[in-house]
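A.B. asks: Have a look; sequence and predicted model below, questions after that.
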Amino acid sequence: MGPEKQPVAGDVTPWWRDRRVLPWVVQGVVGLLVLLLIAFLLGNLVRNLTAAGLLLSWRWLNQPAGFDISETLLPFDAGMPYWRGLAAGLVNTVRAVLTGLVGATALGTLAGMASFSRNGLLRGIARVYVEVIRNIPLLLQLVFWYFVVFLALPNGAAAIQLPGLVLAKSGLYLAGFGEGLRWTVPHLVNGVWQAPLRLSVEFGALLTGLIIYSAAFIAEVVRGGIAAVPKGQWEAASSLGFGWLATLRWIVLPQALRVIVPGLNTQYISLAKNSSLAVAVGYTDLYSVAETTLNQTGRAVEVYLILLGVYLGLDLLISLVMNGVNQLVQIRER
Amino acid sequence: MALRRSLLWPLTALLAVQLAGCAPEGGSGGVQSQKLATITGRGKLICGVDGKLPGFSFVGSDGQYSGLDVDVCKAVAAALFGDPGKVEYRDLNSSERFAALASGEVDLLSRNTTMTLSRDAAGGNGLSFAPTTFYDGQGVMTPANSGVKTLKDLAGKPICVESGTTTELNLADRMRELGVPYTPLKFQTGDQTYAAYLGGRCVAVTSDRSQLAAKRTSFPSPDQHILLPDVMSKEPLTPATVNADPAWADAVRWTVYGLMQAEELGITKANVAAKLAEAKANKNLADLRRFLGVEGDFGKQLGLPSDFVVRAVTAVGNYGEIFDRNVGPGSKLKLDRGVNRQWKDGGLIYSPPFR
């Protein structure tokens, strides 16, 4: 980049005033400053960790964990290494997030649609639900569901029995295909409920809290999406003889989805992150296992790095999927 | 590309926050105590306690902290500043405590913490433990009408436990030894753990026996709950500082030993002034004169005032008085001194010589 020594009149601008050069110089300087800052912070971290004798090490991941986890999809016992415990925790987190996403989407869509209902009572209920739920902190709601509602459930024969579902303090029992693929409903054996599918009340409380909380936000996103569809569409559908539900299903929702999906993405990501509050209600998710691990190993920085990475990865994955969905519902220009 | 760039920035910012958080403390320890200088400069001691455990650290109806763990904080503050009130208490749950200590957020952790190898080792939590102030053991509490008599009766039953404790690991070990399957229900704080137990979610709750006895006093009907006779582990509850500053650890260690030695010598809160006068008057009482800082430079060697023992005992009394007042006959807990008696009486409380 040699600056011209002799300016030829009207031909060459000096480099420090050249618009083709200047932006690169500025970018370069800013980039360098950022790199220096990162280097300084990293150096500071390493220096302090070395002084505290805590330089990053990952060998502990292979040591036996020594603690138990009460409910796991991925089999785990105290003799297995820490990484396996963290993996079991992650599976538990994913389990709560996935079921939470499905439940919150269903409930949120219903509530969002209900706020356009011609039935005033339904409309009122939807509004009250949204306003009450989204203005109370999630942690408080989780603690409420667990300690006040689920722990107040009766046990044994006194349990709340619904068709195909029994709610007891010892767990939530669901009907399903039991041994030999026979349809089995929850039944009492010696005062203990037996069923093909049992969920702990901790999981139940977490799921209930997450779904009800997230659905309130999703309802608003759905409502916004539907409101964005011009009123003329409703009227046109009505004049063609479409009913309320048919109008929604065939005319309004397909157009509303374009507005809804990006908003949903944000809510899904929030739900995934909020699932880490599970620790408050005794559900052993990734965060809970990580906390125990941190305490037993003292590897705070490593454990938090893992947590940061995993939650970031999980949210990026949700974003990726939702971006794909977003492209599917966009208007295809011809 | 746009997506990737938009994600990069929050990530960088996050990392920066994370790293910056590590920056201020934990630096060069050195021979001279940086911590001691920091505390003296600040004018008060920051002490990490449980805050919710009657007998050990508990905020009373008057808003004041009291308890055995709290008295250790007060004794150290008195040794440093001559004023047991110069303490700022931080309530820490069992999961926060080591991070709070390692990051320098608290100077001293006096929070019914069990001394273990991995917590002490530089390659583990890297703590430095003072003398044990309460020798405990892990127990199990269950409702009196649960029908549970031994650990084996807990087969297949849910047991409430606080996460991040030695209790959690001991439970896993014992049950594995016995071959008894069980369901551990882990909670982040003691409040949640006992709320779940009282809510009937667990058939039993496990913790240090002293903690169970202490918590029981705050239950709606304490006599409806029993402690199983099984003692599952040794739990020496011990104040701790960080490994990186041995001089500060020594100051804490010998302040605590001072409380124990004072009991052995019969020096109490009530008579410490008289003993001091006696030591000053009689040059032949060499042991007592050194202990109370009338002669020699023990305090100076530790970086403390020469009369640090006098200050500590004046503030909170000797070890026996602290025990009786907080967890012994003078308290609701009414725990037996048991192994926490002086060595002369067949217990484990033993101060090395002040020499």
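C.D. replies: Okay, I see it. Everything numeric in this text was worked out from a predicted model, so none of it was measured. Residues are numbered from 1 along each chain as shown, chains lettered A, B, ... in the order given.
A.B. asks: use CA for all of it now, contacts and neighbours both
C.D. replies: OK.
A.B. asks: Stretch A:327-334 and chain B, are they touching?
C.D. replies: No - using Cα under 8 Å from any Cα of the partner chain, stretch A:327-334 stays clear of chain B, coming no nearer than 14.5 Å.
A.B. asks: Show me how far that stretch is from its chain's centre.
C.D. replies: 27 Å (Cα atoms, centre = their mean, to the nearest Å).
A.B. asks: Spell out which residues sit in contact with residue A:146, please.
C.D. replies: Going by Cα atoms under 8 Å, 6 or more residues apart in numbering or on different chains, residue A:146 touches A:201-202, A:205-206, A:281.
A.B. asks: now do 10 Å
C.D. replies: With contact taken as Cα atoms under 10 Å, 6 or more residues apart in numbering or on different chains, residue A:146 is in contact with A:140, A:152, A:201-206, A:208-209, A:280-282, B:196, B:199.
A.B. asks: List buried members of those by neighbour count.
C.D. replies: A:201-206, A:208-209, A:280-282, B:196, B:199 (16 or more other Cα atoms under 10 Å in any protein chain shown).
A.B. asks: For the residues you listed, give me JSON lines that also has pLDDT and distance to residue A:297.
C.D. replies: Conversion of those to JSON lines gives the following (pLDDT from 0 to 100; distance: Cα to Cα, whole Å):
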{"residue": "A:201", "pLDDT": "92", "distance to residue A:297": "30"}
{"residue": "A:202", "pLDDT": "93", "distance to residue A:297": "26"}
{"residue": "A:203", "pLDDT": "95", "distance to residue A:297": "27"}
{"residue": "A:204", "pLDDT": "94", "distance to residue A:297": "31"}
{"residue": "A:205", "pLDDT": "95", "distance to residue A:297": "30"}
{"residue": "A:206", "pLDDT": "96", "distance to residue A:297": "28"}
{"residue": "A:208", "pLDDT": "96", "distance to residue A:297": "33"}
{"residue": "A:209", "pLDDT": "96", "distance to residue A:297": "32"}
{"residue": "A:280", "pLDDT": "89", "distance to residue A:297": "22"}
{"residue": "A:281", "pLDDT": "91", "distance to residue A:297": "24"}
{"residue": "A:282", "pLDDT": "90", "distance to residue A:297": "21"}
{"residue": "B:196", "pLDDT": "93", "distance to residue A:297": "27"}
{"residue": "B:199", "pLDDT": "90", "distance to residue A:297": "32"}
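A.B. asks: got those as CSV, with distance to residue A:168 and secondary structure columns?
C.D. replies: Converted to CSV, the buried ones among the contacts of residue A:146 look like this (distance: Cα to Cα, whole Å; DSSP: H, G, I helix; E, B strand; the rest coil):
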residue, distance to residue A:168, secondary structure
A:201, 8, helix
A:202, 12, helix
A:203, 13, helix
A:204, 11, helix
A:205, 12, helix
A:206, 16, helix
A:208, 15, helix
A:209, 18, helix
A:280, 20, helix
A:281, 16, helix
A:282, 17, coil
B:196, 15, helix
B:199, 13, coil
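A.B. asks: for the residues you listed, which one is nearest residue A:266?
C.D. replies: Nearest to residue A:266 out of those is residue A:209 (Cα to Cα; 18.0 Å).
A.B. asks: Was I right to think the closest one contacts residue A:136?
C.D. replies: No - applying Cα atoms under 10 Å as the test, residue A:209 and residue A:136 come out as separate, 11.3 Å apart.
A.B. asks: near chain B, which residues of the stretch 151-300 of chain A show up?
C.D. replies: Residues of the stretch 151-300 of chain A that fall close to chain B, judged by Cα under 10 Å from any Cα of the partner chain: A:151-155, A:169-171, A:201-202, A:278-284, A:288-300.
A.B. asks: pLDDT below threshold where in chain B?
C.D. replies: B:1-32 (pLDDT under 70).
A.B. asks: Residue ranges of each domain in the chain, please.
C.D. replies: Just so you know, I chose chain A. A:21-51, A:82-157+A:201-329 (automatic domain parsing).
A.B. asks: oops, chain B please
C.D. replies: According to automatic domain parsing, the ranges for chain B are B:24-134+B:237-335, B:138-233.
A.B. asks: out of those domains, which comes closest to residue A:159?
C.D. replies: Taking Cα to Cα, domain B:138-233 is the member of the domains of chain B nearest to residue A:159, at 13.9 Å.
A.B. asks: Can you tell me which of the domains of chain A is most buried?
C.D. replies: domain A:82-157+A:201-329 (a mean of 19; mean count of other Cα atoms under 10 Å in any protein chain shown).
A.B. asks: re earlier: among the residues of the stretch 151-300 of chain A next to chain B, name the ones in helices.
C.D. replies: Among those, the members falling in helices (DSSP state H) are A:201-202, A:288-297, A:300.
A.B. asks: would you turn those into TSV with distance to residue A:123?
C.D. replies: Formatted as TSV, these follow (distance: Cα to Cα, whole Å):
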residue	distance to residue A:123
A:201	31
A:202	32
A:288	39
A:289	42
A:290	43
A:291	43
A:292	46
A:293	48
A:294	48
A:295	49
A:296	52
A:297	53
A:300	49
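A.B. asks: And the strands in chain A, which stretches?
C.D. replies: A:160-162, A:165-168, A:171-174, A:176-177, A:183-184, A:187-189, A:192-194, A:197-199 (DSSP state E).
A.B. asks: again but with the stretch 1-150 of chain B, I slipped
C.D. replies: B:45-49, B:52-53, B:57-59, B:65-66, B:87-91, B:108-109, B:127-129, B:134-143 (DSSP state E, counting those that start in this stretch).
A.B. asks: Now render the ones you listed as JSON lines, adding mean neighbour count and distance to chain A.
C.D. replies: Converted to JSON lines, those look like this (neighbours: other Cα atoms under 10 Å in any protein chain shown; distance: least, Cα to the nearest Cα, whole Å):
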{"stretch": "strand B:45-49", "mean neighbour count": "27", "distance to chain A": "16"}
{"stretch": "strand B:52-53", "mean neighbour count": "22", "distance to chain A": "17"}
{"stretch": "strand B:57-59", "mean neighbour count": "21", "distance to chain A": "21"}
{"stretch": "strand B:65-66", "mean neighbour count": "20", "distance to chain A": "26"}
{"stretch": "strand B:87-91", "mean neighbour count": "18", "distance to chain A": "17"}
{"stretch": "strand B:108-109", "mean neighbour count": "28", "distance to chain A": "15"}
{"stretch": "strand B:127-129", "mean neighbour count": "25", "distance to chain A": "10"}
{"stretch": "strand B:134-143", "mean neighbour count": "22", "distance to chain A": "16"}
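A.B. asks: Let me know the average pLDDT across stretch A:306-314.
C.D. replies: Per-region confidence: stretch A:306-314 scores 95 on mean pLDDT.
A.B. asks: returning to what we had before: with respect to the domains of chain A, which exhibits the lowest mean confidence?
C.D. replies: Among the domains of chain A, domain A:21-51 carries the lowest mean pLDDT (a mean of 89).
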